[in-house]
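Novice: output the structure for:
(chains A and B)
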Amino acid sequence: MKRLTTLLLAASLPVTTIAAEPPKSLKVDLSNPGPYFTGPGSDPVNANCTACHSADMVFAQPPLTRTAWQAEVTKMIKVYKASVAEEDIPAIVDYLTKLNSPPS
Amino acid sequence: MQKTATPFSRRLLLSQAALLGLGATAARAQSMIDLGLPGGDGKRTLSHEFAQKSEMILLRTRAPLLETPMSVFDQGVFTPNDKFYVRWHWAEIPESIDTKTFCLTVRGHTNQSLSLSLKELMAMPKVELAAVNQCSGNSRGFFAPRVPGGEWGNGAMGNALWTGVRLKDVLDRAGVKAGAQQVRFNGLDQPTSPDGPDFMKSLSIDHARDGEVMIAYAMNGKPLPLLNGFPLRLVVPGWYATYWIKMLSDIEILDKPDENFWMKTAYLIPDRPFATMTPGETGVPLIPINRMLPRSFITNIPADQKIAATAPITARGIAFGGDCGVKSVDFSADDGRTWQPAKLGKDEGKYGFRRWEAEFTLAERGAHKLKVRCTNAKNEVQPEQPNWNPSGYMRSQIETTPVEAV
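Specialist: A predicted model of the protein is given here:
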């Protein structure tokens, strides 16, 4: 709170007199690839999907039907231009459906 | 184990239990949090592993999607930089920025093209503004029926004091030519697939020149964290965060409407109040997502909290008006049958969070439902009914917190 009060006081100062200096250069590490898919059938999923995103995004999805998973894979290819090998698509959809689909 | 989860950290839960003189709830691994999503799949890791960030709810490592725990919003109306949520579309994000060589280009339908260094930009007249930045899909995980996408709880939002320059001043410096229609913004992030659509968003020329849209170089008085867009971020007060381009490096003035994927195809909403439609409905007219709607949250009482019966309790939280200020906030301790006006905290700016507080007493033991409702300065009120659309955008209904009086 004290810091915010200071900020707000600063905000009320005349603003044109002091030219602020640019901040220091910045370097961070974003190399963490995150989790991968595991278990039977995960190879084609890792090979085709994790170039763009980590597997945790998939783990966080609500249960989706095969049709919905198929639509997601199609969207990745058609819309986001993911280079997914044509012959791998059925195996990817199989894996995702087994991983997380509503109880039938 | 609790059946329904709470969106609060265990630490907060414990401190509140202590405050109320109640025993601690069942122990839970410190590194996990449950967002309480319908279906019970809202369990997430709490991560400390991201640059310039403290504890964040991890939704996706690469490209980072990091959510702010609700307990953070109980601590004040400004969201600390190290706890401010993070959302990137593509994983190709520069890991370093040289602030001596970085420049912002302004080009297109202008009298002259500009290449502004940070030093030149920061020598221009400075402006400051508090504004809420909220993801279009904030709270998507609560949609019923559920929709695929970033399964956020309510923490894909934050409020900061932004410091920077008016976009209008930068556009005037380049000299916008007659006939300009839109202004397109691009950042340094790049698609990870070779032909993937680069993330760009546009505003109408009138919106871009309204004197409020700004280019921010500081957030809560400090340089932006890299994951929030260092060194420059567009700030579009009152509009969803999809327009707030991070690592802003290029501004292009267009003499025709922007037809890029992220404007024409993505981020579209039903052209109806609250952007709502019926699942499976076809032929719904769609428009680009735009201004935000009023929302409000209880921040000091987690879902399923045990509360002492017959004792006065103070509920508090945050509200925001969307694209205008908060007019009033009402609180209900009886599932919306009766409402009482909440006391509003200091107004830090019409686009920011506003603190509210209300005292109540639960006379009878058992289950109760607390609700909070914001009315904005345009007299728009949060609705009872949930909205639905297939992208999970613009949830803004009245939120309900179930509690148990003991």
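Novice: give me the neighbour count for B:Gly325.
Specialist: B:Gly325 is flanked by 17 other residues according to other Cβ atoms under 10 Å in any protein chain shown. C-betas here are computed from N, CA, C, even on glycine.
Novice: settle this for me: it is touching B:Asp347, isn't it.
Specialist: Yes. Counting by Cβ atoms under 8 Å, B:Gly325 sits close enough to B:Asp347 to count as a contact (7.0 Å).
Novice: quickly list what's touching both of these two.
Specialist: B:Arg354 (Cβ atoms under 8 Å, 6 or more residues apart in numbering or on different chains).
Novice: wait, what's in contact with whatever residue of chain A ends up closest to chain B?
Specialist: Relative to chain B, the nearest point of chain A is A:Gly34 (2.7 Å; Cβ to the nearest Cβ). Contact analysis of A:Gly34 by Cβ under 8 Å, 6+ apart lists A:Ser54, A:Ala55, A:Asp56, B:Arg60, B:Thr61, B:Arg62.
Novice: show me the shaky parts of the stretch 101-250 of chain B.
Specialist: For the stretch 101-250 of chain B, no stretch is flagged by pLDDT under 70.
Novice: quick one, helices of the chain?
Specialist: You didn't say which chain, so I picked chain A. A:2-11, A:42-49, A:56-59, A:66-78, A:89-99 (DSSP state H).
Novice: chain B, not that one
Specialist: B:10-19, B:118-122, B:167-174, B:205-208, B:261-264.
Novice: returning to what we had before: in a markdown table: the contacts of A:Gly34, plus neighbour count and pLDDT.
Specialist: Shown next, in a markdown table, are the contacts of A:Gly34 (neighbours: other Cβ atoms under 10 Å in any protein chain shown; pLDDT from 0 to 100):
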| residue | neighbour count | pLDDT |
| --- | --- | --- |
| A:Ser54 | 23 | 98 |
| A:Ala55 | 22 | 98 |
| A:Asp56 | 18 | 97 |
| B:Arg60 | 24 | 98 |
| B:Thr61 | 23 | 98 |
| B:Arg62 | 22 | 98 |
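Novice: pLDDT score for the residue sitting nearest the centre point of chain A?
Specialist: In chain A, the residue lying closest to the centroid (Cα atoms, centre = their mean) is A:His53, at 5.0 Å. pLDDT recorded at A:His53 is 97.
Novice: OK, contacts around residue 54?
Specialist: You didn't say which chain, so I picked chain A. The contact partners of A:Ser54, taken as Cβ under 8 Å, 6+ apart, are A:Pro33, A:Gly34, A:Pro35, A:Tyr36, B:Arg60, B:Thr61, B:Arg62.
Novice: think we crossed wires, I meant chain B
Specialist: B:His48, B:Pro80, B:Asp82, B:Lys83 are the contacts of B:Ser54 under Cβ under 8 Å, 6+ apart.
Novice: doesn't B:Leu59 make contact with the residue nearest to the centre of chain A?
Specialist: No. In this structure, A:His53 is not within contact of B:Leu59 by Cβ under 8 Å, at 11.0 Å.
Novice: count of neighbours near residue 86?
Specialist: All of this is about chain A. Quick note: A:Glu86 (other Cβ under 10 Å) scores 7 neighbours.
Novice: wait, chain B
Specialist: 25.
Novice: and the one 5 residues further on, by the same measure?
Specialist: If you count neighbours by other Cβ under 10 Å, B:Ala91 ends up with 22.
Novice: quick one: contacts for the closest residue to it other than its chain neighbours?
Specialist: Nearest residue to B:Ala91, sequence neighbours excluded (Cβ to Cβ, 6 or more residues apart in numbering or on different chains): B:Ala63, at 3.9 Å. Going by Cβ under 8 Å, 6+ apart, B:Ala63 touches A:Cys52, A:His53, B:Trp88, B:His89, B:Trp90, B:Ala91, B:Ile93, B:Thr192.
Novice: one more pass at 7 Å, please.
Specialist: A:His53, B:Trp88, B:His89, B:Trp90, B:Ala91, B:Ile93 (Cβ atoms under 7 Å, 6 or more residues apart in numbering or on different chains).
Novice: possible to save those residues as a markdown table with distance to B:Gly108?
Specialist: As requested, the contacts of B:Ala63 are arranged in a markdown table below (distance: Cβ to Cβ, whole Å):
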| residue | distance to B:Gly108 |
| --- | --- |
| A:His53 | 32 |
| B:Trp88 | 25 |
| B:His89 | 23 |
| B:Trp90 | 23 |
| B:Ala91 | 28 |
| B:Ile93 | 25 |
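Novice: among these, which one lies nearest to B:Gly141?
Specialist: Proximity of those to B:Gly141 (Cβ to Cβ) peaks at A:His53, which lies at 17.7 Å.
Novice: list the contacts for the closest one?
Specialist: B:Arg60, B:Arg62, B:Ala63, B:Ala91.
Novice: export those residues to JSON lines and tack on distance to B:Arg373?
Specialist: JSON lines is the format used below for the contacts of A:His53 (distance: Cβ to Cβ, whole Å):
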{"residue": "B:Arg60", "distance to B:Arg373": "32"}
{"residue": "B:Arg62", "distance to B:Arg373": "38"}
{"residue": "B:Ala63", "distance to B:Arg373": "35"}
{"residue": "B:Ala91", "distance to B:Arg373": "39"}
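Novice: which pair in those spans the largest distance?
Specialist: By the measure Cβ to Cβ, B:Arg60 and B:Ala91 form the most distant pair in the contacts of A:His53, at 9.4 Å.
Novice: related to what we said a few turns ago, for the contacts of B:Ser54, which single residue is the most surrounded?
Specialist: B:Lys83 (20 neighbours).
Novice: any buried residues in stretch B:278-292, and which?
Specialist: B:Val284, B:Leu286, B:Pro288, B:Ile289, B:Asn290, B:Met292 (16 or more other Cβ atoms under 10 Å in any protein chain shown).
Novice: what does the stretch 101-250 of chain B put close to chain A?
Specialist: Residues of the stretch 101-250 of chain B lying close to chain A (Cβ under 7 Å from any Cβ of the partner chain) are B:118-119, B:122-123, B:125-126, B:128, B:146, B:148, B:151, B:161, B:192-193, B:195-196, B:220-221, B:223, B:226, B:230-231.
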